[in-house]
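Q: Here you go, sequence then predicted model.
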Amino acid sequence: MNVRRALLLVAISPLLLLDLLSSQPPKQNVDLLVTGGTVVTMDGDRTMYDDGAIAVKGDVIAAVGPRMELESKYSAPQTIDARSRLVLPGFINGHTHVPMTLLRGLHDDVTLNDWLYKYIFPAEAKNVNEDFVRWGTRLALAEQIRAGVTTFADMYYFEDAEAEETKAAGMRGVLGETILDFPAPDNKSVPAMLAYTEKFLKRWQGDPLIRAAAAPHSIYTCSKKTLQDSAALARRYHAPILIHTAEMKKEWDDSQKKNGMSPVQYMESLGILGPDVVSAHCVFVDANDQKILAQRQVGCVHNPSSNMMLASGVSPVAEMRAAGVAVGLGTDGPAGSNNDLNLMEEMDLAAKLAKITRMDPLALNAKAVVEMATIEGAKALHMDKEIGSLEAGKKADLILINLQNPNTVPMYDVYAGLAYALKGSDVETVVIGGGVVMREHKLLTVNQEAAVAKAREYQKRVAASLGLQ
């Protein structure tokens, strides 16, 4: 600084200096500031801020950037200190059946076909009612929030009750009412299922947290007419269509024999596929199928634990991604086909399963599976304009992961740490739509103790109904 400038500064009166300072623009009011963490945005450039911050107003993100910049611009009545933590978009569980928490471990180590027809369908027929769905959902919401899941896509029965519980917990759900060609626990005929689904779609239109969907179960449990009527109903209400697709070899073989084409090609021939469809599994999909899925902008959801546990096969995830298919991650149901709802475990398994089946350590890397759990998962659900990354204007769904535990250090690469070292139990705080649903491991919107106690009661009831006691 030269002498002339120094003398000029000294000559400025205190009143003038105060006036200059007061001319700075006032801070903008927001509802929540998350400051000081390593912010992993998952935006288009995969931007990270080592000392970052997020400003939240209402249920959306107002700004993301360096901490000092945001702290100079915004003030909030609530602040979360994110130092020594990763801040990420909430994880997206793209396929599950959450009330099945109450059937967890009922019968394992069998084929999918036997598991469904010999054990699960009979158990559901004897036990599933609205109360079962409510308590199973509460247990699952607690489990998912604890593992950093902020959005999940579900297919089950009494979905209206499940939607009520999900909304009460402040969680985001794409919830599909299951449609079958045989009696289900909530509706005993296809017309009744379609009528229930239509009421369900009407009720939840425009809800900020719940996206109601139609969920024809699969091509092997639904006739051509049921599949087409379900899709037509969903499209009448601009609702998503959730369906199991090409999950097992038997499904592929039966479709070739009966329809003369693959499951994907059969669905295409019926006019089912489109940019509103979320296809779970996609294990038996060849290059032609992948091309169709990409052209129709169908989202696919990879469920590595489920496909491994039921020995259904391995989805060609790397090939689908290369073909332009949006591929997310799912746990599948927490009974028989997985038994937990930990999406971080699915990240780890997805990467390693691709590597070993292709005998290529580069087949699916850590960054790719983190994408599948966040922004690619949002694309698979056709919701990437709302969720999946931390960007201004998107929903304020975010999680904080504590980096103070032994398994979290050192961390030379964030994506590798997330995929291979960190655990669902490392998730500390969860924010959904701007609302804090878990703070420092304490659930704020679900009564975990009551849900656990009720699950133990249901264990006795289910076992007695099947003569297992």
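A: Structure's in. What do you need?
Q: how long is stretch 263-278 from one end to the other?
A: Its first and final residues considered, stretch 263-278 spans 14 Å by C-alpha to C-alpha, to the nearest Å.
Q: and what of stretch 352-363?
A: With C-alpha to C-alpha as the measure, stretch 352-363 spans 9 Å from end to end.
Q: Stretch 296-315 too?
A: Using C-alpha to C-alpha, the end-to-end distance of stretch 296-315 comes out at 19 Å.
Q: Buried residues of that stretch, list them for me.
A: 296-307, 309-310, 312-313, 315 (16 or more other C-beta atoms under 10 Å). C-beta coordinates here come from the backbone N, C-alpha and C atoms, glycine included.
Q: next one: stretch 253-265
A: Per 16+ other C-beta under 10 Å, stretch 253-265 contains these buried residues: 255, 259, 262-265.
Q: Is there a neighbour count for R138? I'd like the number.
A: When neighbours are defined as other C-beta atoms under 10 Å, R138 has 26 of them.
Q: And for K199?
A: Look at K199: counted by other C-beta under 10 Å, it has 13 neighbours.
Q: Could I get the buried residue list for the helix or strand K460 falls within?
A: Using DSSP states H and E, K460 maps to helix 448-465. Neighbour-count burial for helix 448-465, counted by 16+ other C-beta under 10 Å, picks out 448, 451, 454-455, 458-459, 462.
Q: Helix, strand, or coil at the residue nearest the centre of the chain?
A: Note on the chain: the residue nearest the mean C-alpha position is I92, at 2.0 Å, using C-alpha atoms, centre = their mean. Per DSSP: H, G, I helix; E, B strand; the rest coil, the secondary structure class of I92 is strand.
Q: What does the pLDDT read for the nearest residue to it once chain neighbours are set aside?
A: Nearest residue to I92, sequence neighbours excluded (C-beta to C-beta, 6 or more residues apart in numbering): G377, at 3.6 Å. G377 is assigned 98 on the pLDDT scale.
Q: Contacts only, for G377.
A: Taking C-beta atoms under 8 Å, 6 or more residues apart in numbering, we find G377 in contact with 91-92, 94, 301, 328-329, 388.
Q: What are the phi and psi values at it?
A: Per-residue torsions, G377: phi -60, psi -40 (degrees, to the nearest 10).
Q: Can you pick out the most distant pair from the buried residues of stretch 253-265?
A: The span of the buried residues of stretch 253-265, defined through C-beta to C-beta, is set by N259 and V264 at 11.1 Å.
Q: ok, now how distant is the closest residue to N259 other than its chain neighbours from K257?
A: Using C-beta to C-beta, 6+ apart and skipping residues adjacent in sequence, the residue nearest N259 is Y266, 4.6 Å away. To K257, Y266 is 12 Å away according to C-beta to C-beta, to the nearest Å.
Q: do N129 as well
A: Counting by C-beta to C-beta, the gap from N129 to K257 is 37 Å.
Q: N365 now?
A: Distance of N365 to K257, given as C-beta to C-beta: 38 Å.
Q: Please apply the same query to E247.
A: In terms of C-beta to C-beta, E247 sits 17 Å off from K257.
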